[in-house]
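Visitor: my questions concern the predicted model and sequence given below.
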Amino acid sequence: MWGIQIHRVIALFLALLVLTLSSGIGTAAEIVVQPGQSIQDAVNSSVSGDEIVISPGNYTENLRITTGDLIIRSASGNPEDTIVTANNQAEDVFYVEANNVTIRDLSINNAGNDRAGIYLIRSGNCTIGNNAFLNDALGIYLKNSNYNLILNNTAAEGRRAVSVERSNYNTISDNTVSNQRFGIYLFVSEGNIVSNNTVSISADHGIVLESCSNTSLENNIVSSNEDNGIHLVGSDNNNLTGNTADSNMVYGIHMIDSSGNNLTNNTAMNNSRGIFLLRSGESILSGNMVSNNGNGILLTSAGNSNFTENTISQNSISGISLLNSTNCNVSENILSNNTLGIDLAFSSNSTVLNNSIQDGGRGLNLQDSNYNTLLNNTALNNRYGAYLLRSGWNLLSNNTASESNDHGIVLENSSNYNDLTSNVASSNRAYGIYLTGSNNNNLSSNEVSGNNRGVYLMTSSGNTLLNNTVLNSGEYAVLLAYSSGNNISENEASNSNRGIHLSTSSDNTLSGNTIVSNGVSGIHVASTSNNNTVFNNYLNNNVNADVKQGSVGNVWNTTKTAGTSITGGSSIGGNFWGKPDGTGFSQTTADSDGDGIADGVFNISNSGYTDYLPLVAVSEQEQPITPVNITDSQTGTSTNESETPANESETSANETKTTIDRTETTINGTKTVTYENETTYENGIIINKTELL
């Protein structure tokens, strides 16, 4: 009986104890600190759940917080009137090693070298908000601390406003940072969100990610920093979205050895250089606006990146540049007023697709770049539409290069084995397509119209011109100067001053071409053009062939061969010789055996050459073709069976062989040859932008 009563007493005591303890749970004390009192004493007397309210005033202390679930705030909510200054600059102002601590609405000043205004070590779920940091070496410093909030703070006059080291899944948002060495610096951390911050006037970089991954940089403004606005080094798989990098001294956004990053809808403007990726491949750049920088977007020594739907304008060096980079895709971008629009140098196996480039220097520029594909791009009103220098085995197809101040498409200085197919080069002030010193290229099915000169080959051999349409050229439809071994077949060269013009050009083949309505001559052969073969062409001009005396070995027909001729006959032999008024040799000479070959031979006036197998028209009646009215000092007269060539000087400034000036310089012990139309690169940066042709 006695034992039972003892057990009842013990049970009642335990119940009262539990009730007493439970009644205290959730009861938070508010501890008010007045000026002259110690904040640390209040912290020491607090328990989890308490709130320490600091009245306006000045406090000189270094605080150590190891109690969790604690709030420390100013009474006024105004950092300007509640100021905590380091008593010992060799220590942090606030040292926090606890979870769920909130520090807000305070001014925190004068943390010394390598010390922080607020230092979180091994702390989680803390909130640091609406504080002002002045003259702290480190404003807020997180180390091994996760899931914290750094919100709406200001920091000025320090080394790093926010420093995050080996700390993950923190949010750093709406902070204003200025006059630091680095604004916001994250090191060996992942999964953090850095958003809506304003970082300016840093001595080095604004926002830095070093060895970080899966970090989001969103809607930050980084401006007027002495080095880079946003700087990534050794940081992969991060997202940069909606950031603005403005007026930074070097780069707006800079990445080194950082791969797999996404840059979307960012703005980089008024920086020395806009966005630069060095050894940072497998990245996506989409929807960015890049303007008024030196380089707009530059990728160096990397690959497998995509540049899509960016708007790039008014960059003084280049819009989008790939330097020593491979396997990239540049598509659907809009570029305007850039010195170089899309620039590939020492780059290969990339695709440039569906871009619009206008009002710049060179729309598409390739230097020492091979095996690239350029498709469906539109280059309008640039100085040059497309320019290839020492670049081979590239495919240019379905591009438009028009209204250029100089040439539409240029291949220069050993740009060999390129394939130009179905491009439009029209209304260019100088040449539609211009090859100089470039061999073994294929030009097929291109439309070249309304240029001063249509297709011009200078010191270029072994090229094929097939099925191109060259119309309405001011001077020449097709001009060869110092060019040999080219095959010019099945083209139309019409409604120009001169059709096909051979100046000091030998061993070329002209066959299957339609050459009509040219004002001065259909085919011109200079006295220094030898051993050319001309057959199966359709000629209907007042002067079909202007052949200067002195040339040797030119042949005006091939061996009679069964096959459909250009006039529809059953045999291929010589050429069709027509006149706009219907009195040409091929229009008036009989073909008794019906093989499409005239019954006589055609002597080319004053040349000593004969077409032994001239063609005749197979159709019932041929309609006369009237040449365009082109003013020229040279005119031609004709008879039924002979032609009088126009008087024409053999020497022309436009046909003089030229040698490109070059200079040799030495950079870091390496000799560099620089041509007058060439850009020089060093360490991934364009260092010498020479005068464009």
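Guide: Looks like it came in fine. Numbers count the residues shown, from 1 in each chain.

Visitor: mind listing the residues bridging to the residue nearest to residue 87 when sequence neighbours are not counted?
Guide: Leaving out its chain neighbours, the residue that sits closest to residue 87 by CB to CB, 6 or more residues apart in numbering is residue 60, at 4.8 Å. Every C-beta, even on glycine, is put in place using the N, C-alpha and C of the backbone. For residue 60, the beta-bridge partners are residue 85 (DSSP bridges).

Visitor: give the contact list for residue 60.
Guide: 84, 85, 86, 87 (CB atoms under 8 Å, 6 or more residues apart in numbering).

Visitor: make sure residue 586 is indeed in a helix.
Guide: Yes. Membership of residue 586 in a helix is supported by DSSP: H, G, I helix; E, B strand; the rest coil.

Visitor: mind checking pLDDT for it?
Guide: Here, the pLDDT recorded for residue 586 equals 97.

Visitor: what do you get for residue 641?
Guide: 35.

Visitor: go on, the one 10 residues further on?
Guide: For residue 651, the pLDDT comes out at 35.

Visitor: same thing with residue 425?
Guide: The predicted local confidence for residue 425 is 98.

Visitor: now it, nearest residue through space, not along the chain?
Guide: In space, residue 425 is closest to residue 408, 3.3 Å off (CB to CB, 6+ apart).

Visitor: pLDDT at residue 618, what is it?
Guide: So, for residue 618, pLDDT stands at 85.

Visitor: correct me, but it touches residue 598?
Guide: No. Taking CB atoms under 8 Å as the definition, residue 618 is not a contact partner of residue 598, at 11.8 Å.

Visitor: tell me the contacts of the residue nearest to residue 49 when sequence neighbours are not counted?
Guide: Spatial nearest neighbour of residue 49, chain neighbours left out: residue 28 (4.2 Å); criterion: CB to CB, 6+ apart. Listed by CB under 8 Å, 6+ apart, the contact partners of residue 28 are 49, 50, 51.

Visitor: change it to 10 Å
Guide: Going by CB atoms under 10 Å, 6 or more residues apart in numbering, residue 28 touches 46, 47, 48, 49, 50, 51, 69, 70, 71.

Visitor: sorry, back to before: tell me how far the residue nearest to residue 87 lies from residue 611.
Guide: Counting by CB to CB, to the nearest Å, the gap from residue 60 to residue 611 is 107 Å.

Visitor: so, low pLDDT: which residues of this structure?
Guide: Applying pLDDT under 70 to the chain flags residues 1-27, 619-693.

Visitor: quick one, helices of it?
Guide: Remark: helices assigned in the chain by DSSP state H are 2-24, 39-45, 585-588.

Visitor: for ChimeraX, what selects the buried ones among the contacts of residue 60?
Guide: Per 16 or more other CB atoms under 10 Å, the buried members of the contacts of residue 60 correspond to this ChimeraX selection:
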select :84,85,86
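
Visitor: which one of the contacts of residue 60 is nearest residue 125?
Guide: Nearest to residue 125 out of the contacts of residue 60 is residue 84 (CB to CB; 22.5 Å).

Visitor: pretty sure the closest one sits against residue 73.
Guide: No. When contacts are counted by CB atoms under 10 Å, residue 84 is not listed as touching residue 73 (11.6 Å).

Visitor: list residues touching both of these two?
Guide: Common contacts of residue 84 and residue 73 (CB under 10 Å, 6+ apart): 54, 103, 106, 131.

Visitor: okay, the residues you listed in TSV with distance to residue 347 and neighbour count next?
Guide: Below are the shared contacts of residue 84 and residue 73 laid out as TSV (distance: CB to CB, whole Å; neighbours: other CB atoms under 10 Å):
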residue	distance to residue 347	neighbour count
54	60	24
103	51	27
106	54	29
131	48	28
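
Visitor: now the two most distant members of those residues.
Guide: Longest distance between any two of those is 11.9 Å, between 54 and 131; criterion CB to CB.

Visitor: intersection of neighbour lists for the two?
Guide: What both residue 54 and residue 131 touch, as defined by CB under 10 Å, 6+ apart, is the set 73, 74, 82, 84, 105, 106.

Visitor: what's the distance between the third one and residue 109?
Guide: In other words, residue 82. To residue 109, residue 82 is 12 Å away according to CB to CB.

Visitor: isn't residue 555 up against residue 511?
Guide: No. Applying CB under 10 Å as the test, residue 555 and residue 511 come out as separate, 11.2 Å apart.

Visitor: need the residues touching each of these two.
Guide: 533, 534, 535.

Visitor: compare these and tell me which is most surrounded.
Guide: residue 534 (28 neighbours; other CB atoms under 10 Å).

Visitor: tally up the residues packed near residue 80, please.
Guide: Neighbourhood size, residue 80 [other CB under 10 Å]: 11.

Visitor: go on, residue 530?
Guide: Residue 530, neighbours per other CB under 10 Å, totals 18.

Visitor: that one and residue 506 touch, don't they?
Guide: Yes. At 4.4 Å, residue 530 counts as touching residue 506 under the criterion of CB under 10 Å.

Visitor: shared neighbours, those two?
Guide: By CB under 10 Å, 6+ apart, residue 530 and residue 506 have these common neighbours: 484, 551, 552, 553, 554.

Visitor: find the nearest non-adjacent residue to the third one, please.
Guide: Same thing as residue 552. Here the residue nearest residue 552, using CB to CB, 6+ apart, is residue 530, at 5.0 Å.

Visitor: just to revisit the earlier point, quick check: PyMOL command selecting the buried ones in the shared contacts of residue 530 and residue 506.
Guide: Typed into PyMOL, the line below selects the buried ones among the shared contacts of residue 530 and residue 506, using 16+ other CB under 10 Å:
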select buried, resi 484+551+554
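
Visitor: and the shared contacts of residue 530 and residue 506 as CSV, adding distance to residue 574?
Guide: Converted to CSV, the shared contacts of residue 530 and residue 506 look like this (distance: CB to CB, whole Å):
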residue, distance to residue 574
484, 22
551, 18
552, 19
553, 17
554, 13
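
Visitor: now, the shared contacts of residue 530 and residue 506 that are in strands?
Guide: Assignment to strands by DSSP state E places none of the shared contacts of residue 530 and residue 506 there.

Visitor: roughly how far does residue 340 sit from residue 587?
Guide: 52 Å.
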